[in-house]
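> Test case, fold it:
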Amino acid sequence: MQHQKKPLRVGLTLGDPGGIGPDLVLHALMHRHFRKRVKFTVFGSESILKKRIKSLPNEAQDYANKAISHHHIVGNATKVPEQFTAGKASKEGGIQSLESLDIALEHFASNAYDVLVTAPLDKQSVSEASSTIFTGQTGYIQSYANAEDSLMMMVSDVMKVALVTEHLSLAQVPKAINKDLITRKTTLLHKALIEDFNCPTQKIALLALNPHNGDRGLLGNEEKEIIVPSIQAIRSSISTVFGPYAADGFFGLHQYKAFDATLAMYHDQGLIPFKSTNFDGVNFTAGLPIIRTSPDHGPAYDKVGHSTIDYSSFIQAIYTAMDIHSNRTNFEKVEKTALRPKL
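Numbers count the residues shown, from 1 in each chain. Next up, the predicted model:
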């Protein structure tokens, strides 16, 4: 970790109050490593936080209340019903989740924080609360930022995996993949490796869509007709792009270790091997003006009220956001220096 000269302003959304989001946020506020390095702003219901504090051991309650007082909390306009029960998905949880995210995004416009770390929410609950199909925070934040594109990345010290398609059913994936989409996602990944991760080599591996690379068309033509031509075209501007690789051998034989990042064609192709080898992975949305990270897990309703909550991914999401902010700031300084006319 690189040291910040002044506390970094970190926004935290509470996520689904019925899940472990409030526990994750409280743990971050109480984390001793962040005391001098971070100033938190929490977006979400303060009453939920205080109710969750009461479930802590007595010796931890005073410490938690003191930690809350040192940071800023921006509450939701919609009050949490008194009968609200944690530990399960609900429409009320969806309302609170979306409202805290909306308020956080509104505060980004007023420069209220430097990076945003979002606690997990439930897509179905948010969809029910908003009467729309909510496919995930990545696309939602992209839409708010009016960005033409974004890239979902999973990041850890072991590997970096990005996705061509995100939250689509498997039946929709082949129709969604085309040369333009692959080119755009590869370009965003290359840019992120340079600007957000300060990666000197930017070696990128693209995975095949079909088993065994399509077996020369026997198992599908997407490799021959779409993926290979895409790689060939991309190499005219980005020479460090390779593939396509059959996913089973690529991960099974640890070929991913020879690359800085892997671009998977669909969600489970990339996330199953990632989550199988990472206990504190981080979700990062690349390609946006907002630096946003999140843990690589869901609301975990079954963990509420238990001592088995794993905080590592959420804490790592904060560290990753801090590192990306530092890398992006340094890159911008170098760019300005390089563009400055010589006297």
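> and stretch 176-196, which residues are buried?
Within stretch 176-196, the residues that qualify as buried by neighbour count (16 or more other Cβ atoms under 10 Å) are 177, 181-190, 192-193, 195-196. (Each C-beta comes from the backbone N, C-alpha and C, glycine too.)
> ditto for stretch 226-246
Neighbour-count burial for stretch 226-246 [16+ other Cβ under 10 Å]: I226, I227, V228, S230, I231, I234, I238, V241, G243, P244, Y245, A246.
> T132: which of the buried residues of stretch 176-196 is nearest?
L181 (23.3 Å; Cβ to Cβ).
> Which pLDDT value goes with the closest one?
If you check L181, the pLDDT there is 97.
> Mark which of the buried residues of stretch 176-196 are part of helices, please.
Counting by DSSP state H, the buried residues of stretch 176-196 place 181-190, 192-193, 195 in helices.
> contacting residues for the residue lying closest to A112 once chain neighbours are set aside?
Closest residue to A112 apart from its sequence neighbours, by Cβ to Cβ, 6 or more residues apart in numbering: T41 at 6.2 Å. When contacts are counted by Cβ atoms under 8 Å, 6 or more residues apart in numbering, T41 touches R9, V10, G11, L12, H71, H72, I73, V74, H107, A112, Y113.
> Show me where the stretch 201-343 of the chain has its helices.
With DSSP state H, counting those that start in this stretch, the ranges of helices along the stretch 201-343 of the chain come out as 222, 228-234, 247-252, 267-277, 312-339.
> wait, which of the ones you listed is closest to L163?
For the helices of the stretch 201-343 of the chain, the distance to L163 is smallest for helix 267-277, at 5.5 Å, taking Cβ to Cβ.
> tell me what the closest one is packed against?
strand 151-155, strand 160-163, helix 247-252, strand 261-264 (3 or more Cβ pairs under 8 Å, 6 or more residues apart in numbering; DSSP states H and E).
> Contacts for the last one next, please.
Spelled out, it's strand 261-264. For strand 261-264, the external contacting residues (Cβ under 8 Å, 6+ apart) are 153, 159-164, 182, 185-186, 189, 193, 199, 202-207, 247, 250, 256, 270-271.
> Low-confidence ranges, the protein, go.
Across the chain, the ranges flagged by pLDDT under 70 are 1-4, 338-343.
> Try it again at 80.
Across the chain, the ranges flagged by pLDDT under 80 are 1-5, 278-279, 336-343.
> just to revisit the earlier point, can I get the helices and strands packed on helix 267-277 in JSON lines with mean neighbour count and distance to T138?
Below are those laid out as JSON lines (neighbours: other Cβ atoms under 10 Å; distance: least, Cβ to Cβ, whole Å):
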{"stretch": "strand 151-155", "mean neighbour count": "25", "distance to T138": "5"}
{"stretch": "strand 160-163", "mean neighbour count": "26", "distance to T138": "9"}
{"stretch": "helix 247-252", "mean neighbour count": "18", "distance to T138": "22"}
{"stretch": "strand 261-264", "mean neighbour count": "26", "distance to T138": "15"}
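> Tell me which of these lies nearest to L218.
For the helices and strands packed on helix 267-277, the distance to L218 is smallest for helix 247-252, at 16.3 Å, taking Cβ to Cβ.
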